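**Student:** Got a predicted model here, sequence first, then my questions.
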Amino acid sequence: MLPSVLIVDDEKHTREGLRQALEDDYDVSIAANADEAFNLLEAQPFDAVLTDLRMPGKSGLKVIDKALALPQRPAVIMMTAYGSVDSAVEAMKRGAVDFLTKPVNLERLEVLLQRALKTKTLEIEVKQLHERLDEKFSFDGIIGHSAPLRDLIDKVRLVAPSRATILVEGESGTGKELIAQALHQAGPRARGPFVAVHCAALSENLLESELFGHERGAFTGASERRVGRFESADGGTLFLDEIGEITASTQVKLLRFLETRSIERVGGSKPIPLDVRLVAATNRHLERMVGEGKFREDLFFRLNVVRLTMPPLRERPDDIPLLLAHYLLFFAKENGVAAPQLEAGALRTLCAYRWPGNIRELRNFCENAVVMHRGGRLTEYDLDPRYRGEWTGYAGRGSAPGAGGGAAAVPVGDAAPLLALPGPAGASLSVEENEKRLLREALIKARGNRTRAAALMGISRRTLHRKLAEWPELDTVD
């Protein structure tokens, strides 16, 4: 499809000549005055507008204003026979990308059009990228509805608009970088850069150069000046992951930035002021490290202006079915296959698993399940043995699926919290009481048949025997 260009000029031979010159490479429309141009601009979108400045009636400046007020803004180039600098400056202030003097040099016009259309394409791509980033890293993109996660998101919403330094703590794999990106996208720096550095992945010398940059000749091999991550993040957010791994000398330089909001490149002596919001993350206990002399106390206080704690997945059991559903569907789409279905026993087992690797481990499980099962059904016995440890129950909401019959398959798209029974008068039961009650119900429905009761529970017969040994009062149920 050819790019569309609107030519606006009151001189017939000029607009016709320009149309003939451009129509092989562009879809050209013409207008003899501003009013005709307005009608065409309202009727269809244009990629570029080429307009004369001085015309009877409304001037070309009005055409610029009209074109750039549209939802799909075209690139605008002004033409003038007078070569007036003031006119050109005014056109550029209104939003024109460039100007030409008459008579028009066709080669220069072609260059300007191509440049303007390329710029317009880049602007559209950047806008689309930001829209995708907003969608990906918005709060709606954070999966879960558990109370700990809701509390965290409320805090993120509260602090995102501020300039405060943020410390995000939490176990490995809990999604600290995702929270840092959400902080960036929800704040006033969303259109600025988001730069992430994983401190533990770099040696001491490399980390200092990576963060602060270096001058030519600063050390062996420094053959040219290099801009560091701090300078790259100017006007945006710098995310320092695993901040507890940085060395003493890097801690000093980081403290200096937080105090002065400026840096010096390695090998340099000139302070470089920067407007960077710092978000640091750690899976280590920084206060303990301060007590052990491994982390500067003054730096800890500077970093710990606002502390956000990522809850581990074991403290978010209500979110496990949602995360499983999301990532199974995500990896199924990525691999072009149907998502596998989790039978009730498998889902129950996964909800009871403690997920020491947190969301990262759950993602890996889902990718493996999609690749290995491709639309099949996963039972408890298809799971890796590490997921089938002793079941400790799951205190979620809703009713236990399969309680009235066999272990029915649960489509991942409909995954919901499992194994919750209401207590007397609506009171909630402890995990142990909930599990006991479920086991009693299963034994009653199975008329004491342990094999059938285990199937109803979605657990192995061996696990059921362990439970009965633990709660001998249930062994009399028939």
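**Tutor:** Cool, got the structure.
**Student:** part of a strand, is residue 45?
**Tutor:** No. Read with DSSP: H, G, I helix; E, B strand; the rest coil, residue 45 is coil and lies in no strand.
**Student:** And the nearest residue to it once chain neighbours are set aside, how far from residue 317?
**Tutor:** Among residues not flanking residue 45 along the chain, residue 72 sits closest, at 4.4 Å (CB to CB, 6 or more residues apart in numbering). Using the backbone N, CA and C atoms, a C-beta is placed for each residue, glycine as well. According to CB to CB, to the nearest Å, residue 72 and residue 317 sit 48 Å apart.
**Student:** So these two - more neighbours on which side?
**Tutor:** residue 317 (21 against 12; other CB atoms under 10 Å).
**Student:** quick one: that one and residue 354 touch, right?
**Tutor:** No. Judged on CB atoms under 8 Å, residue 317 makes no contact with residue 354 at a distance of 9.8 Å.
**Student:** Show the contacting residues for residue 52.
**Tutor:** Residue 52 makes contact with 8-11, 14, 60, 78-81 under the criterion CB atoms under 8 Å, 6 or more residues apart in numbering.
**Student:** 6 Å instead?
**Tutor:** Counting by CB atoms under 6 Å, 6 or more residues apart in numbering, residue 52 touches 9, 60, 79.
**Student:** so residue 29 sits in a strand?
**Tutor:** Yes. When three-state DSSP is applied, residue 29 is found to be in a strand.
**Student:** confidence score at it?
**Tutor:** Looking at residue 29, its pLDDT stands at 93.
**Student:** Hmm, it is touching residue 6, no?
**Tutor:** Yes. Using CB atoms under 6 Å, residue 29 is in contact with residue 6, at 5.0 Å.
**Student:** Which of the two has more residues huddled nearby?
**Tutor:** A direct count of neighbours by other CB under 10 Å for residue 29 and residue 6 places residue 6 higher, at 25 against 19.
**Student:** Contacts for the helix or strand containing that one, please.
**Tutor:** According to DSSP states H and E, residue 6 maps onto strand 4-8. With CB under 6 Å, 6+ apart as the test, strand 4-8 has contacts from 15, 18, 26-31, 37, 40, 46-51, 63.
**Student:** Once you drop chain neighbours, what's closest to residue 38?
**Tutor:** Nearest to residue 38 is residue 66, by CB to CB, 6+ apart, at 5.5 Å.
**Student:** gap between the one you found and residue 30?
**Tutor:** Residue 66 is 16 Å from residue 30, by CB to CB.
**Student:** Ok, residue 231 next?
**Tutor:** 48 Å.
**Student:** One more: residue 349?
**Tutor:** 71 Å.
**Student:** Looking at the two now, which is surrounded by more residues?
**Tutor:** Legend: neighbour count by other CB under 10 Å for residue 349 and residue 30, higher for residue 349 (26 against 19).
**Student:** Would you confirm that that one contacts residue 380?
**Tutor:** Yes. The pair residue 349 / residue 380 is scored as a contact, 5.0 Å apart, by CB under 6 Å.
**Student:** From residue 444, how far out is residue 471?
**Tutor:** 14 Å.
**Student:** separation between residue 464 and residue 352?
**Tutor:** For residue 464, the distance to residue 352 equals 14 Å [CB to CB].
**Student:** Overlap of the contact sets of residue 29 and residue 6?
**Tutor:** Here residue 29 and residue 6 share the contacting residues residue 40, scored by CB under 6 Å, 6+ apart.
**Student:** need the helix or strand of this protein with the lowest average pLDDT.
**Tutor:** strand 409-410 (a mean of 36; mean pLDDT, DSSP states H and E).
**Student:** Which residue ranges of the stretch 1-150 of the chain form strands?
**Tutor:** 4-8, 27-31, 48-52, 75-80, 98-101 (DSSP state E, counting those that start in this stretch).
**Student:** wait, the stretch 251-400 of the chain
**Tutor:** Under the criterion DSSP E, counting those that start in this stretch, strands of the stretch 251-400 of the chain are mapped to 262-263, 272-273, 277-282, 306-309, 341-343, 377-378.
**Student:** got the contact list for the fourth one?
**Tutor:** In this structure, residues lying in contact with strand 306-309 by CB under 6 Å, 6+ apart are 155, 159, 164, 166-169.
**Student:** Pull out the buried residues from that strand.
**Tutor:** Neighbour counts over strand 306-309 (16 or more other CB atoms under 10 Å) mark 306, 308 as buried.
**Student:** Tell me the strands beside it, with direction?
**Tutor:** Using DSSP bridges, the strands paired with strand 306-309 are strand 166-169 (parallel).
**Student:** Beyond the strand it pairs with, next helix or strand please.
**Tutor:** By DSSP H and E, the next helix or strand past strand 166-169 is helix 176-186.
**Student:** ok, whichever helix or strand comes after that following helix: who's next to it in the sheet?
**Tutor:** Counting by DSSP H and E, the next helix or strand C-terminal to helix 176-186 is strand 194-198. The strands beside strand 194-198 in its sheet (DSSP bridges) come out as strand 237-241 (parallel).
**Student:** Next, the angle helix 176-186 makes with the strand it pairs with.
**Tutor:** Comparing the axes of strand 237-241 and helix 176-186 via axes from the mean of the first three to the mean of the last three CA atoms, to 10 degrees yields an angle of 170 degrees.
**Student:** related to what we said a few turns ago, which one of the strands of the stretch 1-150 of the chain lies closest to residue 339?
**Tutor:** Evaluated with CB to CB, those place strand 4-8 nearest to residue 339, the distance being 42.5 Å.
**Student:** With that, I have no additional questions.
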